[in-house]
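S.K.: From the sequence below, what's the structure:
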Amino acid sequence: MIDMLEQMSGGLWPYLVVIVVGFLPTEVWRIVGVFAGRSLDEDSEVLIWVRMVATALVAGVVAKLLLMPSGALAALPLWGRAGALAFGFAVFFAARRSVLVGLIAGEIFLISVGLAFI
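M.R.: As a prediction, the model looks like this:
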């Protein structure tokens, strides 16, 4: 079976597997969520709880990346990681709460600190 897939796709069969096994099942649940979410009230207690849990998860990931990083991020000093977070956060508010602009600003700061220590 794999030989047939490899001949058909020219060695790109792993990407086909990722799409079929990873992307499509997730996409089905996203579509179901869109249709199911239309009937929910945004101010319901369940959705407020879901937002709070999602915010807590994001805050936990950010704290882990800041305080206990792994990989290349661990090579940077704590002040560089904290500075990138603070700078990105400040630019986020200065740019009228633009997530993209704040993210790019934080990344530029982080890359600058990394280049200064290489």
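S.K.: Please make it C-alpha for all contacts and neighbour counts, starting now.
M.R.: Fine.
S.K.: Now do the longest helix seen in the chain: everything it contacts.
M.R.: Selection of the longest helix in the chain by residue count, based on DSSP state H, yields helix 45-67. Residues outside helix 45-67 that contact it (Cα atoms under 8 Å, 6 or more residues apart in numbering) are Asp41, Glu42, Leu73, Leu78, Arg81, Ala82.
S.K.: Tell me the most packed of those, by neighbour count.
M.R.: The most crowded member of these is Arg81, carrying 23 neighbours; neighbours defined as other Cα atoms under 10 Å.
S.K.: related to what we said a few turns ago, roughly how far out does the longest helix of the chain sit from the chain middle?
M.R.: Put simply, helix 45-67 sits 13 Å off its chain's centre (Cα atoms, centre = their mean, to the nearest Å).
S.K.: Please apply the same query to stretch 74-85.
M.R.: Centroid separation for stretch 74-85 versus its chain: 19 Å, with Cα atoms, centre = their mean.
S.K.: That'll do, ta.
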